[in-house]
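Asker: show me how the following folds:
(2 chains)
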Amino acid sequence: GQNIDQPTEMTATEGAIVQINCTYQTSGFNGLFWYQQHAGEAPTFLSYNVLDGLEEKGRFSSFLSRSKGYSYLLLKELQMKDSASYLCAVSFNDYKLSFGAGTTVTVRA
Amino acid sequence: NAGVTQTPKFRILKIGQSMTLQCAQDMNHNYMYWYRQDPGMGLKLIYYSVGAGITDKGEVPNGYNVSRSTTEDFPLRLELAAPSQTSVYFCASLDSSSTDTQYFGPGTRLTVL
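Answerer: Below is the predicted model:
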């Protein structure tokens, strides 16, 4: 089975930086995804890490350490529209995804 | 391209009723998936398909059935609805030849009373 852990909630101020950690134990690991989900909407793709290291995409960066079973999503220059749930998901056999419970990020003015 | 579409958007069922949740994609993706998401939880895989005519169980398949007669469509069937099936259901697809990324439909919010 897959076991994925991430914090339940985080709060930060507009313009600040927030780091969401994700740890996992899995078999048949292909890579690790981060999705953003606004309330009442579908998840939308943010990033995908296959190899160890940091991937940067504008204000969002994602890091993976396969040997430690660890990833983080870094959100910089936070905006009010970044208030959402962030889902860590491990890709394994047949490109299936196993999701963590999600981290709700609240951005305050 | 419309992407991944799901119907209906909302549905209320009585215990014991049956229904089919529709999912279609126009991107010629070979892989398709059904997930459910309970409040405050991550998504859990119900069933998936790696191509027309091929389906397999995910993590929580009990109470559901699927079929994949065409590349485009992947309906999810609930035969005897139970309150435990109250959830939001998401369909997703991917093209395994070009990406590992799943793209999600807008979801169906189902309530069983």
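Asker: quick check: A:Ile17 touching A:Lys76?
Answerer: Yes: at 5.1 Å, A:Ile17 counts as touching A:Lys76 under the criterion of CB atoms under 8 Å. Using the backbone N, CA and C atoms, a C-beta is placed for each residue, glycine as well.
Asker: secondary structure element for the spatially closest residue to A:Phe33 that is not a sequence neighbour, which one?
Answerer: Using CB to CB, 6 or more residues apart in numbering or on different chains and skipping the chain neighbours, the partner closest in space to A:Phe33 is A:Ala89 (4.4 Å). Element membership for A:Ala89 (DSSP states H and E) is strand A:84-92.
Asker: same question for B:Arg11.
Answerer: B:Arg11 belongs to strand B:10-13 when assigned by DSSP H and E.
Asker: that strand packs against which elements?
Answerer: strand B:108-112 (3 or more CB pairs under 8 Å, 6 or more residues apart in numbering or on different chains; DSSP states H and E).
Asker: and for the strand it packs on, what's in contact with it?
Answerer: B:6-15, B:19, B:21, B:78, B:81-89 (CB atoms under 8 Å, 6 or more residues apart in numbering or on different chains).
Asker: my guess is A:Ala16 contacts A:Leu74, does it?
Answerer: No: using CB under 8 Å, A:Ala16 is not in contact with A:Leu74, being 11.5 Å away.
Asker: CA-only coordinates of the lowest-mean-pLDDT helix or strand in chain A in CSV, if you can.
Answerer: In chain A, no helix or strand scores lower on mean pLDDT, DSSP states H and E than strand A:96-99, which sits at a mean of 91. Listed next in CSV are the C-alpha coordinates belonging to strand A:96-99 (Å, rounded to 0.1, in the frame of the first residue of the first chain):
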residue,chain,number,x,y,z
LYS,A,96,-2.0,5.3,-10.8
LEU,A,97,-2.0,8.1,-8.2
SER,A,98,-2.2,7.8,-4.5
PHE,A,99,-3.0,11.1,-2.8
